[in-house]
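A.B. asks: coords below, sequence missing:
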């Protein structure tokens, strides 16, 4: 079967020719599309792999690249190249596919970001959509009571892991270095860390914060604020917490901006990594990166962080716990890095992940239905239990999944009614 990945990399100018060196400073989704397509093309022979890319230079030489302007042109390219299966991420752009004549093209929706209820409905109704691939168990949990769940599976994202532990400074010998690694935009919640940083250095005076990332990671054309860190409105929101009395950036904070593989020199000496303290992640590849280089990762106990962070004791429930989690991790003398590395290898190595994708592609090629997965959450909430109850009710009710609403419908209705009063 001929399989194509659609790569929306219009604003990506980093050198992505060697994905095994790690993310060269692009969006995690773009990196994963390139890396998975590359690894599938070299590790298996059953399927021919192509990449339909908006920007066709500085990509791995082993990959077959076709330049396209957008996802609609990618659809036409599928017809010209006799592609049988197109893998696309869930996005507003790829929603346009469902207004076109897809013919017999098989679609695999790769859900790197949280899906809307409209997307669930689109994917469930479309006969062309053969699989919805979530990148984490918690993401899949969100719609376990929707009919789209019946087409869905979980395959974690992967990262190029060495065969043995990389050389890093032993944990007990590291300085009190803290690193935040992400795009500096509201949904990565850097502002939560900024708000508590002065209290962290009050309790750990020699702590130092490295901030790796930028507000224009996904689009170089976006204008940044006074400090060239994030877009102006967001920068004005968090920067007052990181300035001294004279209006200068605190000496305990270094903004590195966008970094390629040189960021690993910082990660090698990092003691505590902060991965999206708001927890709004389907997966969080930066948590994997920081753990690989020996850091303890602190974040919120929800979403994809429950899948990617080894030590759940460093995950907090309330934002008020963020300070204590950072301080306790900085003061900790022990870190069982060998166990962490084994955890990463078993879950996120390309060898493991590519085998799961190969199996999925064989099933799609042979029209084998998805085996329904059991719901599986590490931190079930009351809403989780309601979804499971609703799912059970739909299963025992004739045609329940086709006429009974999912919990997201009730949530939306509740919020709309609340806005009226």
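C.D. replies: Cool, got the structure. These numbers come from a predicted model, not from an experiment. Numbers count the residues shown, from 1 in each chain.
A.B. asks: domain parsing for this protein?
C.D. replies: Recorded structural domains for the chain (assignment: automatic domain parsing) are 2-160+349-365, 171-347.
A.B. asks: Any idea how far apart the tips of the first one sit?
C.D. replies: The distance separating the two terminal residues of domain 2-160+349-365, taken as C-alpha to C-alpha, to the nearest Å, comes to 10 Å.
A.B. asks: can you redo the domains of the chain as JSON lines with distance to residue 399, mean pLDDT and mean neighbour count?
C.D. replies: To be clear about C-beta, it is placed using only N, CA and C from the backbone, and glycine gets the same treatment. Compiled in JSON lines, these are given as follows (distance: least, C-beta to C-beta, whole Å; pLDDT from 0 to 100; neighbours: other C-beta atoms under 10 Å):
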{"stretch": "domain 2-160+349-365", "distance to residue 399": "10", "mean pLDDT": "95", "mean neighbour count": "19"}
{"stretch": "domain 171-347", "distance to residue 399": "30", "mean pLDDT": "94", "mean neighbour count": "19"}
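A.B. asks: Which one of the ones you listed lies nearest to residue 386?
C.D. replies: domain 2-160+349-365 (8.4 Å; C-beta to C-beta).
A.B. asks: do you know which of the domains of the chain lies nearest residue 401?
C.D. replies: Nearest of the domains of the chain (C-beta to C-beta): domain 2-160+349-365, 4.2 Å.
A.B. asks: what about the closest one, distance to the chain center?
C.D. replies: 14 Å (C-alpha atoms, centre = their mean, to the nearest Å).
A.B. asks: try stretch 391-409
C.D. replies: Chain-centre distance of stretch 391-409: 29 Å, with C-alpha atoms, centre = their mean.
A.B. asks: What are the buried residues along it?
C.D. replies: By neighbour count on 16 or more other C-beta atoms under 10 Å, the buried set for stretch 391-409 is 391, 394, 400-401, 406-408.
A.B. asks: What is the most widely separated pair among those?
C.D. replies: Between any two of the buried residues of stretch 391-409, the greatest separation by C-beta to C-beta is 15.8 Å, found for 400 and 408.
A.B. asks: follow-up on the earlier one: can you tell me which of the buried residues of stretch 391-409 is nearest residue 103?
C.D. replies: Using C-beta to C-beta, the buried residues of stretch 391-409 come closest to residue 103 at residue 401, 26.8 Å.
A.B. asks: Tell me the pLDDT of that closest one.
C.D. replies: Per-residue confidence (pLDDT) for residue 401: 90.
A.B. asks: so it makes contact with residue 392?
C.D. replies: No. With contact defined as C-beta atoms under 8 Å, residue 401 does not count as touching residue 392 (11.6 Å).
A.B. asks: tell me which element residue 273 is part of?
C.D. replies: strand 272-274 (DSSP states H and E).
A.B. asks: follow-up on the earlier one: in a markdown table: the buried residues of stretch 391-409, plus secondary structure and distance to residue 225.
C.D. replies: A markdown table is the format used below for the buried residues of stretch 391-409 (DSSP: H, G, I helix; E, B strand; the rest coil; distance: C-beta to C-beta, whole Å):
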| residue | secondary structure | distance to residue 225 |
| --- | --- | --- |
| 391 | helix | 45 |
| 394 | helix | 48 |
| 400 | helix | 51 |
| 401 | helix | 47 |
| 406 | coil | 40 |
| 407 | helix | 39 |
| 408 | helix | 35 |
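A.B. asks: For these, give me CSV that also has distance to residue 256.
C.D. replies: Output for these, formatted as CSV (distance: C-beta to C-beta, whole Å):
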residue, distance to residue 256
391, 45
394, 49
400, 52
401, 48
406, 42
407, 41
408, 39
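A.B. asks: Which one of these is nearest to residue 20?
C.D. replies: Lowest distance from residue 20 to those (C-beta to C-beta) belongs to residue 408, with 38.8 Å.
A.B. asks: Leaving out chain neighbours, which residue sits closest to that closest one?
C.D. replies: Closest residue to residue 408 apart from its sequence neighbours, by C-beta to C-beta, 6 or more residues apart in numbering: residue 117 at 4.8 Å.
A.B. asks: who's in contact with that neighbour?
C.D. replies: If a contact means C-beta atoms under 8 Å, 6 or more residues apart in numbering, then residue 117 has 146, 406, 408-409, 412 as its contacts.
A.B. asks: before we move on, what about residue 134?
C.D. replies: 111, 140, 152-155, 282.
A.B. asks: In terms of helices and strands, where is the closest residue to residue 391 other than its chain neighbours?
C.D. replies: Excluding its sequence neighbours, the residue lying closest to residue 391 (C-beta to C-beta, 6+ apart) is residue 145, at 4.0 Å. Take DSSP H and E as the rule and residue 145 turns out to sit in neither a helix nor a strand.
A.B. asks: I'd say residue 145 and residue 407 touch.
C.D. replies: Yes. Residue 145 is in contact with residue 407 according to C-beta under 8 Å; the separation is 5.7 Å.
A.B. asks: the helices in the stretch 151-300 of the chain, which residues?
C.D. replies: Remark: helices assigned in the stretch 151-300 of the chain by DSSP state H, counting those that start in this stretch are 190-203, 232-238, 263-267, 285-292.
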